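> Prediction below, plus the sequence it came from.
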Amino acid sequence: MKKFLPIILSVLFVFESSLAEIVNEIQISGNKRVSDETIKVYGDIKPKGSDFSNSDINNILKNLYSTNFFEDVNVEIRNNKLIINLTEYPVINEIILIGEQNIRIQNQIKKVISSKEKNSFIKNNLNNDINLIKKLYSSLGYKFTQVETKVRNIDENNVDLAIDIDKGEITRISKIFFTGDKKIKDKRLRDIIVSEEDKFWKVITRNTRFNENQIELDKRLLINYYKNLGYYDVEINTASAEVLNSNNVNLTFSI
């Protein structure tokens, strides 16, 4: 089989070469904010007078799409002319956050989402941005945050993106339970973890808020505590939250 391999590769090379065509002219259309020369650089487009094969065309498509500047890219060779037709994404003129007055949190939201002012508006990114915002608020104790997005067209090349946030009420931990082969009293285990049950006298601490990142810390603290006692095979199988209502959850660690 090995002796036939060079022959097969040679046949494929000849076949690919037979599909190649010399390009004497490069025509680019549809671009408004990205110059022709920039497109040639981003597309890694060979100069006029070069041979272009199907793989070259595919590479140009892949390179131009990867810039996130273009919503649609069409590339073809016709009569020794490389023709590139482009549709640019509109640009985000302004991101408007509704429902959040805290400047620090506003800045954090704009930092974590992929949609950015003065960058391309890619509609497919919105669902991921919404989930990132919800995750951010969940880390602050707001488990049931609702987020909606609205787009206002300024002109065919520019849009404003409005993000409407209803963070709801802070979700607090009503009760903390420990189940399984725990061997240690619940009171002692509650002293080990960071999360705390919500009590009326705990008006300063933020640890009564339901925070998934904090719960991951709790799991590590419990594991380290048990290992220090000699239980080296300890596992925290689950840390589940039972939703009582939009304001309260019960937290259970299975040991």
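Perfect, I can see it now. Quick caveat: nothing in here was measured; it's all calculated off a predicted structure.
> Sketch out the helices for the protein, chain order is fine.
Listed in chain order, the helices of the chain (DSSP state H) span 5-19, 36-42, 54-66, 103-112, 126-139, 186-192, 212-228.
> In JSON lines: those, plus mean pLDDT and distance to residue 78.
C-betas here are computed from N, CA, C, even on glycine. Formatted as JSON lines, those follow (pLDDT from 0 to 100; distance: least, Cβ to Cβ, whole Å):
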{"stretch": "helix 5-19", "mean pLDDT": "44", "distance to residue 78": "14"}
{"stretch": "helix 36-42", "mean pLDDT": "94", "distance to residue 78": "18"}
{"stretch": "helix 54-66", "mean pLDDT": "93", "distance to residue 78": "12"}
{"stretch": "helix 103-112", "mean pLDDT": "95", "distance to residue 78": "44"}
{"stretch": "helix 126-139", "mean pLDDT": "93", "distance to residue 78": "37"}
{"stretch": "helix 186-192", "mean pLDDT": "93", "distance to residue 78": "72"}
{"stretch": "helix 212-228", "mean pLDDT": "91", "distance to residue 78": "55"}
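> can I get those in TSV with mean neighbour count and distance to residue 235?
Listed next are the helices of the chain as TSV, based on neighbours: other Cβ atoms under 10 Å; distance: least, Cβ to Cβ, whole Å:
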stretch	mean neighbour count	distance to residue 235
helix 5-19	10	51
helix 36-42	14	50
helix 54-66	15	43
helix 103-112	13	32
helix 126-139	17	25
helix 186-192	13	15
helix 212-228	15	8
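> Tell me which of those helices lies nearest to residue 174.
For those, the distance to residue 174 is smallest for helix 186-192, at 13.4 Å, taking Cβ to Cβ.
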